[in-house]
Structure formats: C-alpha cells, structure tokens
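In: Here is a sequence with its predicted model. Questions after.
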Amino acid sequence: MGLLTAACAAYASLAAWVWLTLAQGMFWRTDVRLPPRTAPARWPSVAIVVPARDEAEVLPRSLPSLIAQDYPGEAEVILVDDGSTDGTATLALRLAREHPGLPLTVTSPGDPAPGWTGKLWALRHGIALARTSHAAEPDYLLLTDADIAHEPDSLRELVAAATSADLDLVSQMARLRVAGLWERLVVPAFVYFFAQLYPFRRINRPAARTAAAAGGCVLLRTGAAVRAGVPDVIRHAVIDDVSLARAVQRSGGRIWLGLAERVDSVRPYPALGDLWRMISRSAYAQLRHKPLLLAGTVAGLTLVYLVPPAALLAGLAGGQPAIAWAGGLAWLLMAGTYLPMLRYYGQSATLAPLLPLTALLYLLMTVDSAVQHYRGRGAAWKGRTYARPSDA
C-alpha cells in the first residue's frame, strides 16, 4: 500500500506540473511588460497618491523619484500620513524642499473609521482630496506605496500604455529588493507563486475573468474608480490590490498587470523574520480565513512542490525507477519554469532546484498566518490588527 501511495503521489505531482507548464496561462514567462504605446495627443492630468505609515526609513529613496517625474502633463503628489510616529510627514516636506519638481501636498486623515484598513482609509482621503482640490478632477490616479521608487519616465510610460490600449487600470509588480541570502531565496519565489496564482496573460485578455493587481504601482482612471466605488467597496480588504482589480473589472473596466521595468521596491527584508512577517500577515486572508481552503493549500503545496524531490529520493533509495523518474521529471519542470524569474531578478540558476525548500517555508508561513489569526493577531501590520471582513 505504501508503494502504491508513493507511486500515485509521484504521478499526480508530475501530471500537475505538466498541466501548470502548459495550461496555466504560461505563468512562468517574464516577458509581460507594458503593452505597445504611443504618446497621447493631450497628456491627461494625474494625481499621485502615496499612503504612508512610519516610512521615514525608505522615504528618502522613494519620494524624490516621484517628485522628479518627467511628465508632460499636469501632475501632483499627495502623501497621506497614516498616523506615523517617526516623522514621516515632516521628512516628506523637507524632501520636497530639497528636491524641486512636482508639487507635494502632505495630509493626514486621522484614525481609520470602523471597518476600514489603514491603507485604504488613507487612499480614500488622498483620492477625495485629489478630486476636490482643483477646478477639475484628475483624469488618472497613480496609487503607489511609500517604499516604491520610480524611474523619471515611469509615469509617462504608464499613462501612454493606458491611453494607447484604452485601459482603466494598469499595474506593474515592482521589482523587489534582492540583496541578502534570504531575499535571494524567498523574493523571486514570491513573484513566481503570485504569477502562478494570477497568470498575467490570462488577466490581460479583454474578456478575462481573472483579476489582480500589484498594489505598489497602480495607475487607475478616475472615472473607473468612481464607477467601481473604490476604495469604499473594498474598505476592509487586507489584500487590497487584488480586491481593487476585481472591483474595477466587475464594473466593466479593462485591467492590465505585468512586471516592472522602471519601478523598484526599496524596502529591505534582510532577515527571514522580516520576510516571514510580510508574507504571513496576509496569507490566511488570501484564503478568506477558511480552514478548508487552508487544508487544501497545504495539501496542494505538498503535492506540487514537496512530493517531487521526496519521490525522486525515495524511488532511488527503494529501487523503484518509475517513481524516481516521475519525481525527477516533476522537479525538472518545477526548476525549469522557475529559471525565467531567477533571470529577471539577476540570480543564479543554482537556486532553481531549491524551490521545494522555499515552498516549504511558504507552507509554514501560511500555517503560521492562520495560527496568528486565531490567536487574535492575524493581518497585523505596523501596530494594527484587522478583523476578517465578516467581523469588521
């Protein structure tokens, strides 16, 4: 019975990898960049809204890049200080004086209203200010995090892509920092897993049913935001970027998601604990706080990522070549599909066979996310803990 179980698991894992490689929207490809674009006849107006909570550490490397945007149309930056205690607002004003460019407004909405996450409360305040502070509301909103740095032509290229393809939402997944050992092991896999769950090509089809965005960089048509009712309709969302994309898509908007060329995260995650907290804070929310989905996720990660090396080693040790071959081929497909993401991040191909180890870490982070949730510490971030939507 043990041999039969091992064989079934090995063949099922291999079948899963064949399907993922060929039928999951070519998720492993990293050439989904901004679509073809030309300069519009009239450059639309843009308000850049930056929610910030205790971001003094990263702001000197991100905010000046927004102020320095080389944009031919009218644009402004609105930084919404979400209850910071580290001098974020004061630092932002000083940086604006030292780096002349786009006008900067710093504002604070106060504590979030019941049922709101802090980031979405800040976005609500910033969007409202952008829409009412001038005679005409901006044509587009660039929603970007305080730890995201933009190349000088980033806004121009985003707007050109949106206007050329008539897109209501254009989002780029910022290139995350990869410097230390743990960042090299975990960060490329984070983007790989995200793309596997939300294949970019499938999202970008005109009649797509899959929706997602990357919250660090979202260019949103103001009219589409009003039509979708955002951010109000997603006010309790911990995973706000995916919820935002779904709301825009459901209201008839066209969305696009791809990898960034001009947008980088400057936030460091030097220790495993830093990465652990970043991932585990929202992992169980991604599963809608449902134990059955958690059990299915653990089983799926085990079958897809942990069975292949185990089957290969067990097959070789037990003299079962068929099991060894099935496990080895599944592991080969896994590593092969991971290579493009490693190249995108400039990492060595030798990390590809280690993906099962990284998947095990993600499995443990997901379980820890559920444990923290039931201990009342789930979805905790920068001093706030959020209830699940049904309790909010």
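Out: Thanks, I have it.
In: Mind listing what's buried along the helix or strand that contains Leu292?
Out: Assigned by DSSP states H and E, Leu292 belongs to helix 291-301. Buried residues in helix 291-301, counted by 16 or more other CB atoms under 10 Å: 294, 297, 301. All C-beta atoms are positioned from the backbone trio N, CA, C, and that covers glycine.
In: The residue nearest to Ala324 when sequence neighbours are not counted: neighbour count?
Out: For Ala324, ignoring the flanking residues on the chain, the nearest one in space by CB to CB, 6 or more residues apart in numbering is Gly315 at 2.8 Å. Neighbour count for Gly315, taken as other CB atoms under 10 Å: 21.
In: Name the SS class of Gly315, please.
Out: Assigned by DSSP: H, G, I helix; E, B strand; the rest coil, the conformation of Gly315 is helix.
In: Provide a list of residues in contact with it.
Out: 6, 10, 321-327 (CB atoms under 8 Å, 6 or more residues apart in numbering).
In: Closest one to Leu123 out of those, please.
Out: Ranked by distance to Leu123 (CB to CB), the contacts of Gly315 are led by Gly327 at 46.3 Å.
In: Which strands and helices lie in contact with the longest helix seen in the chain?
Out: If you go by DSSP state H, the chain has its longest helix at helix 321-344. Contact here means 3 or more CB pairs under 8 Å, 6 or more residues apart in numbering; DSSP states H and E; on that basis helix 321-344 packs against helix 2-23, helix 181-197, helix 307-318, helix 355-374.
In: Counting by contacts, list what the longest one packs against.
Out: In terms of contacts (3+ CB pairs under 8 Å, 6+ apart), helix 2-23 is packed against helix 307-318, helix 321-344.
In: Dump the ones you listed into CSV; add distance to Trp28 and mean pLDDT as well.
Out: As requested, those are arranged in CSV below (distance: least, CB to CB, whole Å; pLDDT from 0 to 100):
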stretch, distance to Trp28, mean pLDDT
helix 307-318, 16, 96
helix 321-344, 4, 98
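In: quick one: Val49 is in a strand?
Out: Yes: under three-state DSSP, Val49 falls within a strand.
In: Thought Tyr140 was touching it, still the case?
Out: No: using CB atoms under 8 Å, Val49 is not in contact with Tyr140; the gap is 10.7 Å.
In: number of nearby residues for Gly110?
Out: 9.
In: for it, what are its contacts?
Out: With contact set as CB under 8 Å, 6+ apart, Gly110 has these partners: Gly83.
In: Any chance of the backbone angles for it?
Out: Here is the backbone geometry of Gly110 (degrees, to the nearest 10): phi 80, psi -170.
In: Can you lay out the helices and strands packed on helix 321-344 as JSON lines showing distance to Leu79?
Out: Output for the helices and strands packed on helix 321-344, formatted as JSON lines (distance: least, CB to CB, whole Å):
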{"stretch": "helix 2-23", "distance to Leu79": "41"}
{"stretch": "helix 181-197", "distance to Leu79": "26"}
{"stretch": "helix 307-318", "distance to Leu79": "47"}
{"stretch": "helix 355-374", "distance to Leu79": "30"}
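In: Can I get the helices and strands packed on helix 2-23 in TSV including distance to Ala228?
Out: Putting the helices and strands packed on helix 2-23 into TSV (distance: least, CB to CB, whole Å) gives the following:
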stretch	distance to Ala228
helix 307-318	41
helix 321-344	31
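In: what about the ones you listed, which gets the closest to Trp256?
Out: Across those, closest to Trp256 is helix 321-344 (CB to CB), at 18.2 Å.
In: ok now that closest one, how far from the chain's centre?
Out: 25 Å (CA atoms, centre = their mean, to the nearest Å).
In: Would you mark the buried spots in that helix?
Out: 323-324, 326-335, 337-338, 340-342, 344.
In: and what of stretch 52-71?
Out: Neighbour-count burial for stretch 52-71 [16+ other CB under 10 Å]: 52-56, 58-60, 62-63, 65-67, 69, 71.
In: Those in helices, which ones?
Out: Using DSSP H, the buried residues of stretch 52-71 in helices are 59-60, 62-63, 65-67.
In: Now do Ile239, the pLDDT please.
Out: pLDDT, Ile239: 90.
In: how much space is there between it and Ala212?
Out: 9 Å (CB to CB, to the nearest Å).
In: No further queries at this time; thank you.
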